[in-house]
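Undergrad: Here is a sequence together with a model predicted from it:
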Amino acid sequence: MHLTPHEQERLMIRLAADLVERRLIREPTLKLNYPEVMALFSAYVLEEARHDTKTVAELMDTSLSDVAEEIEQRHKDLNNPLSLPKTTTTPGMTTKPATQKTPGASTTAPPAPRPTISLMPGVREMIVDVQIEATFKDGTKLVTIPHPFGEDKAPVYPGQYELLKDDDDQDRAPYSPNRVSYNLDPSGNFPGGDKLWARNTADRPIQVGSHFHLEDVNPQLRFYTEVNGRASSTPAVVTGKRLHIAAGTSERFEPGVERAVWVVPIRGLGQVKGLKAGKTAPNWTAPTSSSGTAPTSSNGTV
């Protein structure tokens, strides 16, 4: 057999997931580490996509209990029972206190306990989302599972650079005193930016890096000017602009999402080469400083 590196990775994922399942058979309450739980999530999505039993949208709602239920049911069908711990909540999520019911009033049945998988301390904080490239009947698609352990946020996420709440985090205000300072000019001042509205009209997420020329992004990610705090119908000019985010980070725009973003001019020599023909540096004038000369920075050419 001649397997591509991509096919070899999928086989390794399946092998790792099988190893985790064997460990759970031996000890159902075993607390899994990061690679073990990621292997289970990945294998689950790959198998459901291959058999075309779930759509991309359905797989995006996958929880740890869904994975545990599938493992339990499969081992039951193989006459190799596996009994995982049961819970009514996802690990890491808070449980709301029971409310006092008035006698005679209608009551809602509590959720039935579902199988779950125990995690080692700190694993939940390491997994903000899960991304798997899976093969469906109609082709290969990227499946993103946001917040696989629920919407509740942990106090600290590894690698997070904004630990303090912004004064205006909805608008991503550049002057927020709690925000980490970046994109400043040599004098330490914010050179000025524009607040625009981005709308993803595609049927899949679009991710944009910090220094990517906005005019060269996926054409289905469209930018509009703002009127009265909302997006107008007027397309915004984003030539020579990039997102106002820290270098090396990126922004992800989910399908159908419309939200405000801040954009800033590309600094340095103002050159953007090799992205898309006809939309690079020669079509726009680099921003100038107060002295009338093209600004320079330690970042050099973008």
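TA: Yep, it's here.

Undergrad: got the contact list for M120?
TA: For M120, the residues meeting the contact criterion (C-beta atoms under 8 Å, 6 or more residues apart in numbering) are K31, L32, N33. Just so you know, the C-beta spots here come from the backbone N, C-alpha and C atoms, and that holds for glycine as well.

Undergrad: can you redo those as CSV with neighbour count and pLDDT?
TA: Written out in CSV, the entries for the contacts of M120 read as follows (neighbours: other C-beta atoms under 10 Å; pLDDT from 0 to 100):
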residue, neighbour count, pLDDT
K31, 14, 93
L32, 19, 93
N33, 14, 94
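
Undergrad: May I see the buried residues of the helix ranked longest in the chain?
TA: Using DSSP state H to assign secondary structure, the helix with the most residues in the chain is helix 5-26. When neighbours are counted by 16 or more other C-beta atoms under 10 Å, the buried residues of helix 5-26 are found to be R10, I13, A16, A17, V20, E21, L24.

Undergrad: next structured bit after that helix?
TA: Next helix or strand after helix 5-26 toward the C-terminus (DSSP states H and E): helix 34-50.

Undergrad: Pull the residues that contact the following helix or strand past that next one.
TA: Toward the C-terminus, helix 34-50 is succeeded by helix 56-59 as the next helix or strand (DSSP H and E). Helix 56-59 is contacted from outside by V45, E48, A49, A134, F136, K141, V143, I145, R204, using C-beta under 8 Å, 6+ apart.

Undergrad: now the closest residue to the fourth one other than its chain neighbours: how far from E133?
TA: Spelled out, that is A134. Beyond its immediate neighbours in the sequence, the residue positioned closest to A134 (C-beta to C-beta, 6 or more residues apart in numbering) is A49, lying 3.6 Å away. Using C-beta to C-beta, to the nearest Å, one obtains 10 Å as the distance from A49 to E133.

Undergrad: Quickly list what's touching both of those two.
TA: Among the neighbours of A49, those also in contact with E133 (C-beta under 8 Å, 6+ apart) are K141, V143.

Undergrad: Looking at those two, which one has more neighbours?
TA: Comparing A49 with E133 by neighbour count (other C-beta atoms under 10 Å), the higher total belongs to A49, at 22 against 15.

Undergrad: what's the spacing between F41 and Y224?
TA: 36 Å.

Undergrad: Comparing those two, which residue is more hemmed in?
TA: Between F41 and Y224, counted using other C-beta under 10 Å, the more crowded position is F41 (23 against 17).

Undergrad: where are the low-confidence patches of this structure?
TA: 77-111, 151-192, 270-271, 273-302 (pLDDT under 70).

Undergrad: Quick check, Y34 in contact with V123.
TA: Yes. Applying C-beta atoms under 8 Å as the test, Y34 and V123 come out as touching, 5.3 Å apart.

Undergrad: Looking at the two, which has the bigger crowd around it?
TA: A direct count of neighbours by other C-beta under 10 Å for Y34 and V123 places V123 higher, at 20 against 14.

Undergrad: Now do the contacts for that one.
TA: In this structure, V123 makes contact with L32, N33, Y34, V37, judged by C-beta under 8 Å, 6+ apart.

Undergrad: what's the answer for E251, then?
TA: Contacts for E251 (C-beta under 8 Å, 6+ apart) come out as Q207, V208, L243, I245, V261.

Undergrad: where exactly do the strands run in this structure?
TA: Using DSSP state E, the strands of the chain run over 86-87, 114-115, 129-136, 139-146, 194-200, 206-209, 221-227, 230-235, 241-243, 250-253, 258-265.

Undergrad: for E254, what are its contacts?
TA: By C-beta under 8 Å, 6+ apart, E254 lies in contact with N200, P205.

Undergrad: Distance-wise, check it relative to L269.
TA: Here the distance between E254 and L269 works out to 34 Å (C-beta to C-beta).

Undergrad: circling back: which two of the buried residues of helix 5-26 have the greatest separation?
TA: R10 and L24 (21.2 Å; C-beta to C-beta).

Undergrad: my guess is P35 contacts I13, does it?
TA: No. With contact defined as C-beta under 8 Å, P35 does not reach I13; the gap is 10.1 Å.

Undergrad: For stretch 222-235, list every residue counted as buried.
TA: Under 16+ other C-beta under 10 Å, the buried positions of stretch 222-235 are R222, F223, Y224, E226, A231.

Undergrad: Give me the phi and psi for the closest residue to A202 other than its chain neighbours.
TA: Distance criterion C-beta to C-beta, 6+ apart; nearest residue to A202, sequence neighbours excluded, is Q220 at 3.9 Å. Here is the backbone geometry of Q220 (degrees, to the nearest 10): phi -80, psi -10.

Undergrad: right, and Q220 touches N200 too?
TA: Yes. Using C-beta under 8 Å, Q220 makes contact with N200 at a distance of 6.7 Å.
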